[in-house]
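Q: Could you work out the structure for the sequence below:
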Amino acid sequence: MNKLTQGVGNLKTFLIEVKVELVKCAWPSRKELFGSSVVVIVSVIILGAYVGLCDVVNMGLLKFIIR
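A: You can find the predicted model right below:
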């Protein structure tokens, strides 16, 4: 039973320390968060389109070479 209470105590200490560290964090405002999210979403869409285009071009070249 001693190890169980020690484990619970360690978990409680860990959670308290996590809470203290989270209070120290600089959290973005709603406007900053929205702006960053838009940048990430647009970047992912552009990168996805680029990778898709490269894939189509490479598949076309491979089909041309194999024939």
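Q: what about the helices in the protein?
A: 2-24, 30-66 (DSSP state H).
Q: Can you name every helix or strand that the shortest one contacts?
A: Other elements packing on helix 2-24 under the criterion 3 or more Cβ pairs under 8 Å, 6 or more residues apart in numbering; DSSP states H and E are absent; no helix or strand qualifies. Glycine gets a C-beta too; all of them are placed from N, C-alpha and C.
Q: follow-up on the earlier one: any chance of the helices of the chain in a markdown table, with mean pLDDT and mean neighbour count too?
A: A markdown table is the format used below for these (pLDDT from 0 to 100; neighbours: other Cβ atoms under 10 Å):
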| stretch | mean pLDDT | mean neighbour count |
| --- | --- | --- |
| helix 2-24 | 90 | 9 |
| helix 30-66 | 97 | 10 |
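Q: What residue in the chain is the furthest from its centre?
A: The centre of the chain is farthest from one residue, Arg67, which by Cα atoms, centre = their mean lies 42.1 Å away.
Q: how close does that residue get to Asn58?
A: Arg67 sits 15 Å away from Asn58, going by Cβ to Cβ, to the nearest Å.
Q: likewise Asn10?
A: 53 Å.
Q: Spatially central residue in this protein, please.
A: Most central in the chain (Cα atoms, centre = their mean) works out to Val40, at 10.4 Å.
Q: Relative to Ile46, how far out is it?
A: 11 Å.
Q: Also Ser37?
A: On the measure of Cβ to Cβ, Ser37 and Ile46 end up 15 Å apart.
Q: same question, Cys25
A: From Cys25 to Ile46 the distance is 30 Å (Cβ to Cβ).
Q: do the same with Leu11
A: 44 Å.
Q: And the contacts of stretch 35-48?
A: Pro28 (Cβ atoms under 8 Å, 6 or more residues apart in numbering).
Q: Distance from the chain centre to it, please.
A: Relative to the chain's own centre, stretch 35-48 is displaced by 13 Å; criterion: Cα atoms, centre = their mean, to the nearest Å.
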